[in-house]
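J.: Test case, fold it:
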Amino acid sequence: MTATNPPLALDAVLDLFQMEEVHDGDVLARYVAAHPQFALQLIDFSRLIATPDTEDEGGLTATEQSRVDAAWITHQAARPKAATDADPLARLSGDVGKALAVKLGVPRQVITCIREHRVLASSVPTPVTRELSVALGVPQPHVIAAMARPPAGMAATRSYKSNGPPGSVAQTTFEQVLTDAGVSEADRVRLMADG
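T.: Have a look, this model is predicted:
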């Protein structure tokens, strides 16, 4: 009576293959010839064994970290800006507006008029737009472009008690805003000097 070995299961063949000391092409060819029904699995398993482990517990090198940081900065710069960045003048409320009013020596209502786009951009002297640029942290041309936008509806930015909604506000000159705010003649001359 001849004893025949029962056919090995896939797991048993892969275990035997893994136990081999060398996993070169000759060993693979021998296993594929002996177990042709598992040829694809043996080839895939040999590739898996030949692939070095890439799991690194040491963290990133300085070069890798700098690449990640550079990519993150690029990503942050490409993302859409917040709504207040779309209109830099919107940041003229609170402490920023108060500090700018003190620096220019004007009442806060002048800064409010600028924030609400009620001042003609062409009438604002260069030194004032320069101070706005510094206070807002944006280039001077961006400040001038923001000021050139039409005024937003007053109902959206302020509340008033009246029988009807406030009408649209026309833009006026910077000098007229200073006059309406009660700025003295000497301060108006100082602010209007285009130096």
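J.: The most centrally placed residue in the chain: which element?
T.: With distances taken as Cα atoms, centre = their mean, residue 76 lies nearest the centre of the chain, 3.3 Å away. In the assignment (DSSP states H and E), residue 76 maps to helix 62-78.
J.: can you list the residues that contact that helix?
T.: residue 60 (Cβ atoms under 8 Å, 6 or more residues apart in numbering). Where you see a C-beta, it was placed from the backbone N, CA and C, and this is true even at glycine.
J.: if we can go back for a sec, from residue 5, how far off is the residue nearest to the centre of the chain?
T.: Counting by Cβ to Cβ, to the nearest Å, the gap from residue 76 to residue 5 is 65 Å.
J.: Break down this structure into its helices, ranges please.
T.: Secondary structure of the chain (DSSP state H): helices at 10-19, 25-34, 39-50, 62-78, 83-86, 94-104, 108-115, 126-136, 140-147, 154-157, 174-180, 185-192.
J.: Now render these as JSON lines, adding mean pLDDT.
T.: Formatted as JSON lines, these follow (pLDDT from 0 to 100):
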{"stretch": "helix 10-19", "mean pLDDT": "89"}
{"stretch": "helix 25-34", "mean pLDDT": "90"}
{"stretch": "helix 39-50", "mean pLDDT": "88"}
{"stretch": "helix 62-78", "mean pLDDT": "82"}
{"stretch": "helix 83-86", "mean pLDDT": "55"}
{"stretch": "helix 94-104", "mean pLDDT": "90"}
{"stretch": "helix 108-115", "mean pLDDT": "91"}
{"stretch": "helix 126-136", "mean pLDDT": "90"}
{"stretch": "helix 140-147", "mean pLDDT": "86"}
{"stretch": "helix 154-157", "mean pLDDT": "49"}
{"stretch": "helix 174-180", "mean pLDDT": "90"}
{"stretch": "helix 185-192", "mean pLDDT": "88"}
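J.: which one of the ones you listed is the most hemmed in?
T.: Mean neighbour counts were compared across the helices of the chain using mean count of other Cβ atoms under 10 Å; the top stretch is helix 108-115, at a mean of 21.
J.: Does anything pack onto that helix? Which helices or strands?
T.: When contacts are defined as 3 or more Cβ pairs under 8 Å, 6 or more residues apart in numbering; DSSP states H and E, helix 108-115 sits against helix 94-104, helix 174-180.
J.: Was I right to think residue 193 contacts residue 175?
T.: No. Residue 193 is beyond contact range of residue 175, at 11.6 Å (criterion: Cβ atoms under 8 Å).
J.: that older thread, run the chain-centre distance for the helix holding residue 76.
T.: 12 Å (Cα atoms, centre = their mean, to the nearest Å).
J.: Can I get it as PDB, trimmed to CA atoms?
T.: What follows is helix 62-78, C-alpha atoms only, in PDB (Å, rounded to 0.1, in the frame of the first residue of the first chain):
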ATOM      1  CA  ALA A  62      15.000  67.400   9.900                       C
ATOM      2  CA  THR A  63      14.800  67.500   6.100                       C
ATOM      3  CA  GLU A  64      11.500  65.600   6.100                       C
ATOM      4  CA  GLN A  65      10.100  67.900   8.800                       C
ATOM      5  CA  SER A  66      11.100  71.000   6.900                       C
ATOM      6  CA  ARG A  67       9.400  69.600   3.800                       C
ATOM      7  CA  VAL A  68       6.200  68.900   5.700                       C
ATOM      8  CA  ASP A  69       6.400  72.500   7.200                       C
ATOM      9  CA  ALA A  70       6.900  74.000   3.700                       C
ATOM     10  CA  ALA A  71       4.000  72.100   2.300                       C
ATOM     11  CA  TRP A  72       1.700  73.100   5.200                       C
ATOM     12  CA  ILE A  73       2.600  76.800   4.700                       C
ATOM     13  CA  THR A  74       1.800  76.500   1.000                       C
ATOM     14  CA  HIS A  75      -1.400  74.800   1.900                       C
ATOM     15  CA  GLN A  76      -2.400  77.500   4.400                       C
ATOM     16  CA  ALA A  77      -1.600  80.300   1.800                       C
ATOM     17  CA  ALA A  78      -3.700  78.600  -0.800                       C
END
